[in-house]
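Enquirer: structure of the sequence below:
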Amino acid sequence: MQPVGKEQANIPGRPPSPFLAAPQSSGPVVGLEGSGPSRAPTPFSSSSPVRALGAPQTTSPFLSSGPVTGTQPSSYRTPPLPIWSNGPTTPSFPAQDAGTYQQSQAPRFPPVAQPSTPLRSPPISQPYMPPPTGSFRPQSHIPTVPMGPPPQSSPQLTSKSSIPQPSESLFTAPRTSSQPSLHGYSNVPPRTNMPPFQSDPQLHASRPVSQPQIQSYSAAHVPPVHVSPYHAQQSFVPPPPPIGGSLGYGSREQLQHPMAGPPIGSVQGLAEEFQSLNVGSVPGALDPGVDTNVLPRPLSGDAEPTKVLEMYPLNCHPRFLRLTTHAIPNSQSLSSRWHLPLGAVVHPLAEAPDGEEVPLINFGPIGIIRCRRCRTYVNPYVTFTDAGRKWKCNLCFLLNDVPGDYVCPLDASGRRTDVDQRPELSKGSVEFVASTEYMVRPPMPPLYFFLIDVSMPAIRSGLLEIVARTIKSSLDDLPGFPRTQIGFITFDSTLHFHNLKSSLTQPQMLVVADLDDIFLPLPDDLLVNLSESRHVVDAFLDSLPIMFQGSANIESALGPALKAALMVMSQLGGKLLVFQSTLPSLGVGRLRLRGDDLRIYGTDKEHTLRLPEDPFYKQMAAEFTKNQIAVDIFAFREKYSDIASLGSLAKYTGGQVYLYPSFHAAIHREKLSYELARNLTRETAWEAVMRIRCGKGVRFTTYHGHFMLRSTDLLALPAVDCDKAFAMQLSLEESLMTSQIVYFQVALLYTSSSGERRIRVHTAAAPVVADLGEMYRQADTGAIVSLLGRLATENSLSQKLEDARQSMQLKLVKSLKEYRNLHVVQHRLGGRLIFPESLKFLPLYVLSLCKSVALRGGYADASLDERCAAGYNIMILPISRMLKLLYPCLFRIDEKLLKDPEEFQEPFNQLPLTTHSLDPKGIYILDDGFNFIMWLGRMLSSDLVNNLLGVELTSFPDLSRVVLSEHDNDISKRLTRILKELREKDPSAYQSCRLVRQGEQPRELSMFLANLVEDQTAGFSGYVDWIVQIYRQSQSS
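Expert: Sure thing, here's the model as predicted:
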């Protein structure tokens, strides 16, 4: 492909943007906040990027930059899918890709006096006439189809004389007029105070006068083809040839891109693929010129990039490891032009479908085969030589000896004859049984220790009864039987230790009131084997709800209780579950109310509210991690729990934060029971460490998630499970990469619940490319959004929320601007926002991130606890769950409730997140993966509502107290079935169903309308305004 230096020379005015690598830590690092890589400032400062972009904007980037009038009709029709073609679809000349072809056939800059022939997306209902495929002989003219605005004079690009110009003609098409506002939401405030704009039916969109004339082409003997509103220029690039020589796996060819780019076999391979949106507005115009019907929307959820497996079939499945782009830049200069995060998202224990379980391998006395220099585990990408007696490491290229019992002859192609019988040589994900050399102590048993608040608020809310009943019902399903250990401490203003010795018939409680000098009254009987003391444990859990009945104690000595739990668990480690319903008020770690001072919001001190107030909790987290103890926090306080402080216990120990604001037993019973039971019974990896290795020339610099960074690249995880993912950023160590493929290997060393030491290994390969366009084509939106969300959440701990949001927006604008520069020479792109097919949803997801609970607005937009809890969730969520949280599913269900059960199998039709999708006569469910919000239109049939609720709606003025349950009628039973089916799609959390009525303020706004991310909300742009704003900023020089 074309050298990087030449690309920059051909496109003047590209702003430099070096990719700033985080400093490397010089020694062991305690926690993310203490580490060099994790605390590195954002690569974009608050002032210089604006000058680089050349966008002299003084308003907030999240306010509407232009009024939008005209609304979307309520019956949303999904736009047709793009037409994928193997031939070029560029009208007069193929888009230049790179390489030697461009040197011989690069288009000249246009003369001034000829009319131009820019590409234009056809209106949504018009057929598109593709150009001729095959040879470039002139074709006879055929009638043309009107498709564009009135002609104007402008220059034209010229092409090589060897490629004749197809016939040209002018197109016109009327623009769809604005639709009336949806009945029932006609009072939605306009985006500005400007009067509504009446569009001219003769104009496709408002355009600058100097915009070039819109022309298209016709081709003979080609039938009309309907295409997507996103006009995609596609190409078929032949796959790169396999590497010569023996690779060790024969028919599984290792595909890679040479440094000069993939080979170009014909003219068909030269057309770049991109999509575009018409943004026909002039700055200051009333009409944004964007058709809301053609905006890209992820209505099918997350799509795993399985096409990577077609190119590299020996890679681990993307559910375990996803790169932000599956094309690694070959130089630091190319990396600096990427602008988006370069890194990976790792989900090491992701649940696999039946039949795709990770194979378990036991090498026995041979021992696990690893590279003696870089310690890489044997994997499908290693090669065998010397008649099978040596193998070459694919990361550091060292030749290693093959153990005698592992030697196998090679076939004529250099492939081991037993490769298909050995999963470690044929599968990207395997699990090895570790030998004693991987143990510093005997494998620990599964251990569960409960720290339960028994103050008056916990008793009054019904918390104790739900917790005790759930734990008892889960005892039979706890992993590790018969080795499982269990223990309890309860606390209010004193600590209550419970003796559960197996020789007792009833548990004994011992009270320690001295909070300054904690000691264990019975050190050997506070932690017991569950199978031996089961009858005592059952008796304790039966008596717990009434044991403290009538207590008026409202104090909480959480700090001393944590110290006592550490003393009990330090010998073995395990999982500590903390149930907290009162703000800690006694002893070490006592906290105070924060966040009530409105003057601190919007200042440089705002971020301190989201940091732990007392260093005690971070210090305790370090001690817990040192002793292999993971902490999960269950918080229930009605007003303020200081999740910022308590959550640090989970953040640095590999734990999780569960927040139940305004907890009420009747409302939250099922959600708490389900999530606590899943926490206890899901398969857990104990006393784990994780490291991700990569090939020569690249390294991981920063890590993001819940863990303790034990060294520069070793993640300490006292406990990890299938619901947690981790992200990391990648940087180049060399100015110019010499290898053509980079390999990555994730290794998780852990103890299984059965007491076996294991190593789970995921291996993946990615090509090294010299073409920025290839990086965009191989981009993974899900991985980019996941990493962006973690970076923004961490930035909010050191800067204002607005700065964190602007940093994300700058990355988006710079990347789209850089992508535009790749095509601006070949194509006239006036009035169009162009983007790669792989990133068509990225602008919407970035907008959703800016509107998420963790990052949106200021003091009034979310409570401090909910904001911090949302931030902790973002740090651990796998990609699919994060994307669903950012862009929830919206379904209409009233039509299904009235259908016969036979017709019930029809799939749900997901709707765009805008009020124009709502009908006042309908019932809708919003599912973000954590909760169901059921919206009841104001014009619903009273009989339908009565059947759902079991009583008349008028008798429930406050729907926040309504608990949805099944009633003895068909409609209620169908609703129960619908909710059950939706919950079964994602077992990681329980979506409790909350009701909200149209017009019921402020609940409707805070619970439902705030999740309609495509609509304009106070201080934030809607989707259309956002697209226009991104477009304008990407145009600036």
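Enquirer: where in the stretch 151-300 of the chain is pLDDT low?
Expert: The stretch 151-300 of the chain contains residues with pLDDT under 70 at 151-274, 280-289.
Enquirer: should've said the chain
Expert: Across the chain (using pLDDT under 70), the flagged ranges come out as 1-274, 280-289, 596, 825-829, 901-905, 955-957, 1037.
Enquirer: give me that answer again for 80
Expert: Per-residue confidence for the chain (pLDDT under 80) gives these ranges: 1-290, 595-599, 601-602, 824-831, 858-860, 899-907, 950-958, 960-961, 1018-1019, 1036-1037.
Enquirer: partner strands of the longest strand belonging to it and their direction?
Expert: Longest strand in the chain by number of residues, with DSSP state E as the criterion: strand 757-769. Sheet pairing for strand 757-769, assigned by DSSP bridges, gives strand 328-329 (parallel), strand 429-433 (antiparallel), strand 741-751 (antiparallel).
Enquirer: so which of those strands is nearest Ile667?
Expert: strand 741-751 (36.9 Å; CB to CB). In this view, the C-beta of every residue, glycine as well, is placed from N, C-alpha and C.
Enquirer: alpha carbons of the closest one, as PDB, please.
Expert: C-alpha atoms of strand 741-751 as PDB (Å, rounded to 0.1, in the frame of the first residue of the first chain):
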ATOM      1  CA  ILE A 741       1.000 -10.500  12.200                       C
ATOM      2  CA  VAL A 742       0.600  -9.700  15.900                       C
ATOM      3  CA  TYR A 743      -0.400 -12.500  18.300                       C
ATOM      4  CA  PHE A 744      -2.200 -12.000  21.700                       C
ATOM      5  CA  GLN A 745      -2.600 -14.600  24.400                       C
ATOM      6  CA  VAL A 746      -4.700 -14.200  27.600                       C
ATOM      7  CA  ALA A 747      -3.800 -16.500  30.500                       C
ATOM      8  CA  LEU A 748      -5.900 -16.800  33.600                       C
ATOM      9  CA  LEU A 749      -4.400 -18.900  36.400                       C
ATOM     10  CA  TYR A 750      -7.100 -19.800  39.000                       C
ATOM     11  CA  THR A 751      -8.400 -22.400  41.400                       C
END
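Enquirer: and the closest residue to Ala303 other than its chain neighbours, what is it in contact with?
Expert: Closest residue to Ala303 apart from its sequence neighbours, by CB to CB, 6 or more residues apart in numbering: Gly782 at 7.8 Å. Gly782 makes contact with 302-305, 322, 345, 879-880, 882-883, according to CB atoms under 8 Å, 6 or more residues apart in numbering.
Enquirer: cutoff 7 Å now
Expert: 302, 322, 879, 883 (CB atoms under 7 Å, 6 or more residues apart in numbering).
Enquirer: tell me the buried residues within those.
Expert: Those of the contacts of Gly782 that meet the buried threshold are 302, 322, 879, 883, by 16 or more other CB atoms under 10 Å.
Enquirer: in those, find the pair that's most separated.
Expert: Arg322 and Leu883 (11.9 Å).
Enquirer: re the thing from before, out of the buried ones among the contacts of Gly782, which are inside helices?
Expert: 879, 883 (DSSP state H).
Enquirer: between the buried ones among the contacts of Gly782, which sits nearest Thr494?
Expert: Ranked by distance to Thr494 (CB to CB), the buried ones among the contacts of Gly782 are led by Ile879 at 45.2 Å.
Enquirer: which residues are in contact with that closest one?
Expert: 302, 322, 345, 725, 782-783, 786.
Enquirer: dump these into JSON lines; add secondary structure and distance to Pro907 as well.
Expert: As requested, those are exported to JSON lines (DSSP: H, G, I helix; E, B strand; the rest coil; distance: CB to CB, whole Å):
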{"residue": "Asp302", "secondary structure": "coil", "distance to Pro907": "17"}
{"residue": "Arg322", "secondary structure": "strand", "distance to Pro907": "26"}
{"residue": "Val345", "secondary structure": "strand", "distance to Pro907": "28"}
{"residue": "Ala725", "secondary structure": "coil", "distance to Pro907": "27"}
{"residue": "Gly782", "secondary structure": "helix", "distance to Pro907": "22"}
{"residue": "Ala783", "secondary structure": "helix", "distance to Pro907": "27"}
{"residue": "Ser786", "secondary structure": "helix", "distance to Pro907": "26"}
